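Participant: pasting the structure only:
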Ligand SMILES: C=CC1=C(C)c2cc3[nH]c(cc4nc(cc5[nH]c(cc1n2)c(C)c5CCC(=O)O)C(CCC(=O)O)=C4C)c(C)c3C=C
Ligand SMILES: [Fe+2]
């Protein structure tokens, strides 16, 4: 895949007092470059009404999380980066029991491909420009919002290379204030059908599970008995997809039990709205940060 065609994923996280909003368009349609470019154009038009919301916005903590895929920053990153990419079943999907070969095959193909890719990266300066571009976009977004008197923290998380989304989410504690973690860093979570409210699954999440939910769009929990993350459906293929691409609609909402159940549930309903706006051609920053 051409490096130039690979921007990726744009996601927004809004912390509203105690709520986390996010939206992730990872592999949907052809949004990749378009979405990233939108960061640059998310400035408010003269006629956009922001002022009326300002006092409200300024009291809130607002975070924006830009998600991208990442790329190798140096030539020695190329093989491990390719491994991360090929080990992702969203990129290369093997049927049935062949799934067990995902990691060895990822290792093999990454090692075989790396020399050719390294040459390509050497020709464009020795590494991928994705991180630099995404950081610049984050700064541009921050400045555009500051110019409108909207004070936000903008973060960047990558799926296949540094800074990994999981690490960013671990670090950005303030984004997760709304969830009441217990002393083991866990919170009870329930996945509900957005339309019917039916409870699909109940389990525990930690910050890593949350990051995985955000990046994979599949219901993921922390297994207390195995002390590991598990994605519902990873063996049965019967995933709980939190977003239905065909309907362009969020289909599962997560609620975290704790102080703020209502609030956090609300945030995921809002997430749906943000998602729909991102999918539409005419999203405005006022929609994004001032819901
Ligand atoms: C089997 C080959 C490949 C498939 C299938 C594939 C799908 C795929 N890739 C991305 C995202 C990225 N790919 C990137 C680089 C890259 N990808 C492949 C191969 C496949 N990708 C290679 C060999 C490379 C290395 C570069 C090269 O040699 O051409 C990158 C990094 C871009 C950068 O700026 O460095 C990303 C990101 C997606 C989303 C995808 C399928 C949906
Ligand atoms: Fe690729």
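Facilitator: Cool, got the structure. Since we're looking at a predicted model, the values are computed, not measured. Ligands and ions are numbered 1, 2, ... in the order given.
Participant: CA atoms for contacts and neighbours, from now on please.
Facilitator: OK.
Participant: and whatever residue of the stretch 101-250 of the chain ends up closest to ligand 1, what pLDDT?
Facilitator: When you check the stretch 101-250 of the chain against ligand 1 by C-alpha to the nearest ligand atom, the closest residue turns out to be residue 117, at 3.4 Å. In this model, residue 117 is scored at 98, pLDDT.
Participant: ok, now the one 3 residues further on?
Facilitator: At residue 120, the predicted lDDT confidence score is 98.
Participant: confirm it sits in a helix?
Facilitator: Yes. Residue 120 sits within a helix when classified using DSSP: H, G, I helix; E, B strand; the rest coil.
Participant: for burial, what's the neighbour tally of the closest residue to residue 139 other than its chain neighbours?
Facilitator: In this structure, residue 139 finds its nearest non-sequential neighbour in residue 154, 7.6 Å apart by C-alpha to C-alpha, 6 or more residues apart in numbering. The tally of other residues near residue 154 (other C-alpha atoms under 10 Å) stands at 20.
Participant: please list all residues in contact with residue 154.
Facilitator: 63, 64, 65, 66, 138, 139, 141, 142 (C-alpha atoms under 8 Å, 6 or more residues apart in numbering).
Participant: now the strands for this structure?
Facilitator: Here the chain has its strands, by DSSP state E, at 14-15, 20-21, 62-68, 152-158, 187-193, 199-205, 220-223, 228-231, 243-244, 249-250, 252-256.
Participant: could I get the ones you listed as a markdown table with distance to ligand 1 and mean pLDDT?
Facilitator: A markdown table is the format used below for those (distance: least, C-alpha to the nearest ligand atom, whole Å; pLDDT from 0 to 100):
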| stretch | distance to ligand 1 | mean pLDDT |
| --- | --- | --- |
| strand 14-15 | 25 | 28 |
| strand 20-21 | 23 | 30 |
| strand 62-68 | 8 | 74 |
| strand 152-158 | 9 | 79 |
| strand 187-193 | 26 | 80 |
| strand 199-205 | 26 | 85 |
| strand 220-223 | 21 | 91 |
| strand 228-231 | 20 | 92 |
| strand 243-244 | 17 | 70 |
| strand 249-250 | 20 | 66 |
| strand 252-256 | 23 | 70 |
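Participant: for those, give me CSV that also has distance to residue 110.
Facilitator: Shown next, in CSV, are the strands of the chain (distance: least, C-alpha to C-alpha, whole Å):
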stretch, distance to residue 110
strand 14-15, 36
strand 20-21, 35
strand 62-68, 20
strand 152-158, 19
strand 187-193, 36
strand 199-205, 32
strand 220-223, 27
strand 228-231, 25
strand 243-244, 30
strand 249-250, 34
strand 252-256, 35
